[in-house]
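Novice: 3D model of this:
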Amino acid sequence: MPTTAHDHAGDEPCAAGLQTYARALRDGHVSAAEAAAVPCLAEDGLLYPAVDAPERMEPVAPAVALHRLLRGAEERIARERRREERLAETFAPLLGIGRTEPAGGEAPTLRMLSGKRRIDRIVGEAMAEATDEVLTIQPHSAHVGPPPQVHEPALERDQAFLARGGRIRTLYQHTLRYAPTVLARYERLDGDVQARTLDEVTERMIAVDRAVVFVPANEDRTLALEIRHPALISYFVTTFDRFWRLAVPMYPHAVQPPTLNGVTPRQRAVAALLVEGHTDAVIADHLGMNIRTARVHIAKLAAGLGSDSRAQLGYLIARSGILDREPPTH
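Specialist: Residues are numbered from 1 along each chain as shown. Predicted structure coming up:
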């Protein structure tokens with residue numbers, strides 16, 4: 001009988017082999033030619049040549065065959081377990097090499113936080129452990145709604161920090177300088193807390209004890225980046241300090257931003273963006289004001305400089321010198 005292809009699953013007899021083995025059990029033997037078509041039977045010890053007739057293949061009792069196959073499987077399992085143990089021993093000293101996460105249970109230097117509740121909770125935990133200084137930048141952004149509100153949990157958190165002897169410094173845009181909700185917040189805080197304003201500030205930032213910084217990671221602030229890398233923290237704090245020196249005091253002792261040749265800081269900021277060719281909408285967005293207010297400032301600049309057109313206004317602003325220097329703010 002010609003040899004036919006048959007499939008195997010490991011050392012298990014194939015379907016054709018089982019059929020031939022069953023026939024050998026029923027008839028007491030099969031021919032050598034039939035057995036050759038399914039060599040797995042002889043390889044697995046299910047068939048063996050008859051002593052008195054080598055051309056015949058006789059079957060091993062099923063109980064004996066099953067015992068042999070199971071014993072083979074147990075031996076293979078034991079070999080694999082010994083191999084696993086050798087691999088574990090080999091790789092044990094290598095597991096610490098190239099580690100991407102800090103060892104010893106330290107917090108990662110960068111971590112993405114998702115969800116406003118979780119962000120607030122993590123920031124609150126950092127504040128609860130703080131004892132020195134908290135630096136914050138709070139821009140007014142049209143896409144996140146109205147100016148900051150006085151949230152009781154945040155207010156209690158800040159007051160607890162101030163009560164431990166901490167210090168809070170906050171930068172706002174000039175547009176929030178007289179916002180009732182912002183002023184109400186500072187009226188309720190007791191301790192070393194200061195606020196200043198600028199025409200433009202960076203995106204929101206919270207730096208706690210110069211040990212951790214939180215910044216938004218997407219536009220709607222549902223993602224935040226928690227930063228504990230010393231070099232990055234130093235960069236953020238240095239940037240804050242430089243902005244702070246340029247800013248105008250707002251609290252506890254407000255200082256009126258000085259004018260230069262009758263032009264207010266607001267108008268100078270608008271003028272600078274006008275010269276750069278920005279539209280009214282872009283100017284308003286940069287300076288945290290609505291477009292109507294931006295146009296009022298543009299109209300005042302045009303009236304003061306005697307401009308009849310926007311193109312002429314840009315030329316007159318550049319020629320006037322109002323952008324050449326900034327007066328001292330404090």
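Novice: and D220, which of the three is it?
Specialist: Classification of D220 by DSSP: H, G, I helix; E, B strand; the rest coil places it in coil.
Novice: how many other residues sit next to it?
Specialist: Number of residues near D220 (other C-beta atoms under 10 Å) recorded here: 9. C-betas here are computed from N, CA, C, even on glycine.
Novice: Please tell me how far it sits from R204.
Specialist: Per C-beta to C-beta, to the nearest Å, D220 is found 12 Å from R204.
Novice: Same question for G277.
Specialist: Taking C-beta to C-beta, one finds G277 at 28 Å from R204.
Novice: Enumerate every residue touching L41.
Specialist: By C-beta atoms under 8 Å, 6 or more residues apart in numbering, L41 lies in contact with 13, 17, 20-21, 35, 47, 57.
Novice: closest to G314 among these?
Specialist: P13 (90.8 Å; C-beta to C-beta).
Novice: which one is that closest one nearest to, not counting chain neighbours?
Specialist: C40 (5.8 Å; C-beta to C-beta, 6 or more residues apart in numbering).
Novice: got a list of what A247 touches?
Specialist: 171, 196-198, 329 are the contacts of A247 under C-beta under 8 Å, 6+ apart.
Novice: Name the residues that touch the one helix or strand A311 maps to?
Specialist: According to DSSP states H and E, A311 maps onto helix 310-320. For helix 310-320, contacts defined as C-beta under 8 Å, 6+ apart pick out 261, 271, 274-275, 277, 298, 301-302, 305-307, 323.
Novice: Now list the buried members of those residues.
Specialist: 271, 274, 298, 301-302, 305, 307, 323 (16 or more other C-beta atoms under 10 Å).
Novice: could those go into a markdown table alongside distance to P230?
Specialist: Listed next are the buried ones among the contacts of helix 310-320 as a markdown table, based on distance: C-beta to C-beta, whole Å:
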| residue | distance to P230 |
| --- | --- |
| A271 | 40 |
| L274 | 41 |
| I298 | 44 |
| L301 | 45 |
| A302 | 49 |
| L305 | 49 |
| S307 | 51 |
| L323 | 38 |
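Novice: Which of the residues you listed fall within helices?
Specialist: Taking DSSP state H, the ones among the buried ones among the contacts of helix 310-320 that sit in helices are 271, 274, 298, 301-302, 305.
Novice: Redo these as CSV? Include distance to D52.
Specialist: Shown next, in CSV, are these (distance: C-beta to C-beta, whole Å):
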residue, distance to D52
A271, 116
L274, 113
I298, 116
L301, 119
A302, 121
L305, 124
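Novice: Could you single out the nearest of these to L69?
Specialist: L274 (88.7 Å).
Novice: Now the closest one: closest residue in space, sequence neighbours ignored.
Specialist: G314 (5.7 Å).
Novice: Can you tell me how far that neighbour is from H286?
Specialist: Counting by C-beta to C-beta, the gap between G314 and H286 amounts to 16 Å.
Novice: Return the distance of L25 relative to S234.
Specialist: Counting by C-beta to C-beta, the gap from L25 to S234 is 83 Å.
Novice: Repeat that for P62.
Specialist: 78 Å.
Novice: Likewise for E203?
Specialist: 18 Å.
Novice: ok, now A78?
Specialist: 58 Å.
Novice: T109 too?
Specialist: Per C-beta to C-beta, T109 is found 13 Å from S234.
Novice: Looking at those two, which one has more neighbours?
Specialist: Legend: neighbour count by other C-beta under 10 Å for T109 and S234, higher for T109 (16 against 12).
Novice: ok, now which ones touch the more buried one?
Specialist: Neighbouring residues of T109 by C-beta under 8 Å, 6+ apart: 102, 227-229, 232.
Novice: repeat that with 6 Å
Specialist: By C-beta atoms under 6 Å, 6 or more residues apart in numbering, the residues touching T109 are 228-229.
Novice: can you give me phi and psi for it?
Specialist: phi -70, psi -20 (degrees, to the nearest 10).
Novice: any idea how far the residue positioned nearest the centre of the chain is from N218?
Specialist: Central residue of the chain (C-alpha atoms, centre = their mean): M112, 2.6 Å from the mean position. Separation of M112 from N218 (C-beta to C-beta): 10 Å.
Novice: how about the strands of the stretch 101-250 of the chain, start to end?
Specialist: 110-114, 133-138, 167-173, 192-198, 205-208, 212-216, 223-227, 248-251 (DSSP state E, counting those that start in this stretch).
Novice: picking that back up, the residue nearest to P13 against G17, yeah?
Specialist: Yes - using C-beta atoms under 6 Å, C40 is in contact with G17, at 4.9 Å.
Novice: quick one, domains of the chain?
Specialist: 15-60, 110-251, 265-320 (automatic domain parsing).
Novice: any chance of the ones you listed in CSV, plus distance to E84 and mean pLDDT?
Specialist: Formatted as CSV, the domains of the chain follow (distance: least, C-beta to C-beta, whole Å; pLDDT from 0 to 100):
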stretch, distance to E84, mean pLDDT
domain 15-60, 26, 85
domain 110-251, 34, 86
domain 265-320, 61, 79
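Novice: Many thanks, I have nothing further to ask.
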